[in-house]
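K.L.:
how would this look folded up:
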Amino acid sequence: MFRRFALMCLAVSALRAQTFQSGAYKVLEAARCRSCHTAEGVASPTRLHFPDADAPAVKIEAFGKSLVVLVDREHPENSLLLRKPTMRTPHAGGEKIKPGSADESTLKSWVDQLAKLSPADLAIATRYREQEKMGVGEARNDAELRRLTHSQYNHTVRDLLNDQTNPANQFPPEDFINGYRNQTQGQSLSPLLVESYSASAEKLAKSAFQGGDIRHLIPCKPSATCRARFVKEFGLKAFRRPLDPAEQKRYETLMARESDLVKGAQLVLEAMLQSPNFLFRLDAAPDAKLKPYATASRLSYALWDTMPDAQLFAEAQRGALSTPTGLEKTTRRMLADPRAKDALDDFLSQWLRFDRLNAAAKDRRKFPLYTRETTHAMTEEARTFFNDLVWNNRNFMELFTADYGYVSPELAPIYGVTAPPKDFDRVPFPAGSERAGVLGQGLFLSLTSKPDEPSLTSRGIFIREQFLCQHVPDPPPGVNTNLPAVTEAHPQTNRDRMTEHAINPTCATCHKLIDPIGFGFEKFDAIGARREKFSLEFKAPPAPGKGRGPQTKKVDLDIDTNANVAGLPGGTFTSPAQLGAVLAKTGECQECMVKQYFRYTAGRLEAPGDRAVISKAAEAFRSSGFKYQEMIISLTLLREFGSK
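P.N.:
As a prediction, the model looks like this:
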């Protein structure tokens with residue numbers, strides 16, 4: 001892609017003794033500028049985006065020249081590229097390069113060089129910027145093997161065998177990567193998982209033919225013709241594509257080992273359930289004949305989290321999925337099926353990390369309202385809210401602005417409202433509560449809290465990562481994350497204690513980007529109940545004559561909720577409701593709604609080559625009035641037929 005571009009760049013670079021890669025690039029890398037300045041970093045809205053760490057040298061050199069947009073060519077010493085990392089100009093990431101250091105001198109040399117770029121070099125810089133903006137880059141291959149997730153395995157054997165036992169629940173647990181459990185990076189086959197597949201296949205094959213009506217599996221009377229028909233029809237459904245002649249013959253031969261048709265079918269079924277053709281999805285077609293079946297497989301696992309149904313197989317066979325019109329019609333049909341709701345529920349539970357809440361513990365002495373039933377109510381409220389926005393075609397950005405919740409008896413006292421006659425009916429938030437949308441719900445406020453108090457950092461990270469799609473880098477190894485203890489002599493709010501993060505150079509870089517977001521939620525405690533004061537309790541020895549046992553002293557401190565999302569235009573706020581309003585109208589948040597669904601269905605992070613698809617899907621999302629179903633349809637069509 002960069003071939004012609006590379007030749008030009010190398011010819012120019014060869015004239016210079018020191019390249020960007022050997023000088024300023026090393027300085028910026030050592031300063032960890034990359035940790036924020038990427039397409040998905042917390043500084044993604046800025047003009048500085050590092051290429052991939054493994055980018056070829058020619059691309060790194062082109063990137064270096066593109067930094068001319070951050071250079072004042074008339075007065076190089078005033079260039080943002082030099083002043084921001086040295087904090088001569090305010091920089092959200094703090095001081096990254098010490099003024100007067102050798103590193104600053106190296107960077108200054110590059111700034112001076114950029115100030116004198118030739119027309120040929122400026123053309124390289126412009127070309128790089130244009131390609132970055134358009135998302136030109138290496139296209140990710142969605143044809144890479146994708147294993148059935150445990151959820152997809154359960155749903156597939158349910159639809160294939162009418163089995164409701166959910167065998168994958170006993171498999172080794174799946175890890176969250178990029179926010180989801182279905183990412184290709186985490187889909188390797190461990191020996192334990194292979195053993196689990198084998199045991200499951202044996203059990204499923206045995207139970208499939210035990211008792212009841214088996215005509216859904218063997219719809220014919222015993223004969224050689226029936227054997228061939230079973231292999232052909234069951235193979236189509238199990239492998240989500242027609243068997244080739246060699247496969248057909250091989251499985252017929254296997255089935256013929258048993259004179260009893262049912263026993264032979266059981267043998268074939270067990271073998272097919274252990275085949276890579278069953279365990280891995282057909283997302284790419286080795287030849288044109290199978291392309292419609294690959295499309296059907298992608299659709300069914302994206303929209304239903306399970307295998308294609310008979311109608312989808314038929315549509316693939318007759319070519320109904322090969323045109324945008326036909327694919328859109330099928331997609332709309334599939335979204336109207338109840339399985340689409342179940343699949344999107346699974347997406348929601350992973351996106352909003354229900355698992356963290358389900359595993360969370362709270363101090364029952366401080367929060368007696370928090371029970372297992374409360375946890376269930378919080379996830380059910382979020383699910384009801386999400387489903388109403390999606391399936392009733394509401395403006396999905398109300399996810400952040402809605403002035404109501406879906407309340408149960410467990411949530412009512414936390415929200416300060418009367419429980420509705422029916423659980424999870426829609427109830428307005430009280431006036432002055434400053435709640436809005438998901439940011440005002442117990443789910444978000446509880447899962448971003450510690451057992452006894454809210455976590456400003458966790459709330460900031462969650463908003464950055466889940467709602468802005470910005471990756472917050474991990475802290476450097478060996479950093480002490482403990483904050484100073486609160487004492488009766490020096491009582492402090494969480495905000496006050498966080499000043500340690502702001503003054504510690506090791507911590508400040510990232511915490512200045514996340515902690516100030518959490519400040520705006522300080523009026524909501526660790527289970528999401530509103531509080532007007534920050535209360536501390538200290539135990540002291542009993543006063544003389546006042547009885548035995550320690551005495552408790554309570555200290556109430558004022559709460560300062562002035563907050564901001566650094567790098568976000570208009571990002572100052574003082575409450576969940578105000579932040580929700582900011583997010584709802586912010587392009588980064590709107591596009592993040594598309595990115596999150598893309599990551600879940602594609603099984604990977606977006607790559608530069610996906611940028612045009614995501615951008616066009618976001619445009620369609622806005623044009624539809626933020627109808628989530630329309631976004632799904634748009635993204636489906638764009639991924640199948642391209643962004644042009």
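K.L.:
distance from the chain centre to the helix or strand residue 598 falls within, please.
P.N.:
Residue 598 belongs to helix 587-602 when assigned by DSSP states H and E. Between the centre of helix 587-602 and the centre of its host chain there is 8 Å, according to CA atoms, centre = their mean, to the nearest Å.
K.L.:
now it: buried residues?
P.N.:
Buried residues in helix 587-602, counted by 16 or more other CB atoms under 10 Å: 588-602. C-beta coordinates here come from the backbone N, C-alpha and C atoms, glycine included.
K.L.:
who are the packing partners of it?
P.N.:
Helix 587-602 sits against helix 338-351, helix 611-623, helix 628-641, with contacts defined as 3 or more CB pairs under 8 Å, 6 or more residues apart in numbering; DSSP states H and E.
K.L.:
may I have the shortest one as PDB, with CA atoms only?
P.N.:
Just to be clear, that refers to helix 611-623. Output in PDB follows, covering the C-alpha atoms of helix 611-623 (Å, rounded to 0.1, in the frame of the first residue of the first chain):
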ATOM      1  CA  ARG A 611     -12.200   3.400   9.900                       C
ATOM      2  CA  ALA A 612     -14.300   4.200   6.800                       C
ATOM      3  CA  VAL A 613     -16.800   1.500   7.600                       C
ATOM      4  CA  ILE A 614     -17.300   2.700  11.200                       C
ATOM      5  CA  SER A 615     -17.400   6.300  10.200                       C
ATOM      6  CA  LYS A 616     -20.200   5.700   7.600                       C
ATOM      7  CA  ALA A 617     -22.100   3.500  10.100                       C
ATOM      8  CA  ALA A 618     -21.900   6.300  12.600                       C
ATOM      9  CA  GLU A 619     -23.200   8.800   9.900                       C
ATOM     10  CA  ALA A 620     -26.100   6.400   9.200                       C
ATOM     11  CA  PHE A 621     -26.700   6.100  13.000                       C
ATOM     12  CA  ARG A 622     -27.000   9.900  13.300                       C
ATOM     13  CA  SER A 623     -29.200  10.200  10.200                       C
END
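K.L.:
pLDDT of that helix, averaged?
P.N.:
Helix 611-623 carries an average pLDDT of 96.
K.L.:
equivalent analysis for stretch 239-253, please.
P.N.:
96.
K.L.:
mind listing what's buried along it?
P.N.:
239-243, 247, 251-252.
K.L.:
closest to residue 367 out of these?
P.N.:
Proximity of the buried residues of stretch 239-253 to residue 367 was ranked by CB to CB; the top entry is residue 240 with 48.0 Å.
K.L.:
what number of residues lie near residue 255?
P.N.:
22 (other CB atoms under 10 Å).
K.L.:
that one: what's it in contact with?
P.N.:
227, 230-231, 264-265, 267-268 (CB atoms under 8 Å, 6 or more residues apart in numbering).
K.L.:
follow-up on the earlier one: need the winner for burial among the helices and strands packed on helix 587-602.
P.N.:
helix 628-641 (a mean of 20; mean count of other CB atoms under 10 Å).
K.L.:
and for that one, what's in contact with it?
P.N.:
142, 295, 298-299, 302-303, 324, 327-328, 331-332, 335, 389-391, 393, 396, 593-594, 597-598, 601-602, 613-614, 616-617, 620-621, 624.
K.L.:
tell me the one among the contacts of residue 255 nearest to residue 31.
P.N.:
Nearest to residue 31 among the contacts of residue 255, with distances taken as CB to CB, is residue 268, at 60.6 Å.
K.L.:
quick one: contacts for the closest residue to residue 292 other than its chain neighbours?
P.N.:
Closest residue in space to residue 292, ignoring its immediate chain neighbours: residue 316 at 3.9 Å, by CB to CB, 6 or more residues apart in numbering. Applying CB under 8 Å, 6+ apart to residue 316 gives the contacts 292-293, 295-296, 308.
K.L.:
what residues sit buried inside the helix or strand where residue 316 lies?
P.N.:
Here residue 316 sits within helix 310-317, counting by DSSP H and E. By neighbour count on 16+ other CB under 10 Å, the buried set for helix 310-317 is 312-313, 315-316.
K.L.:
what's the closest of those residues to residue 411?
P.N.:
The closest of the buried residues of helix 310-317, once distances to residue 411 are taken by CB to CB, is residue 312, at 39.4 Å.
K.L.:
how is this protein carved up into domains?
P.N.:
3-134, 150-344, 358-584, 587-641 (automatic domain parsing).
K.L.:
which one of those domains is the most hemmed in?
P.N.:
It is domain 587-641: most buried of those by mean count of other CB under 10 Å, with a mean of 20.
K.L.:
give me the distance from that domain to the chain's centre.
P.N.:
13 Å.
K.L.:
ok so, going back, tell me the mean pLDDT for the helix holding residue 316?
P.N.:
97.
K.L.:
any idea which helix or strand comes after it?
P.N.:
helix 324-335.
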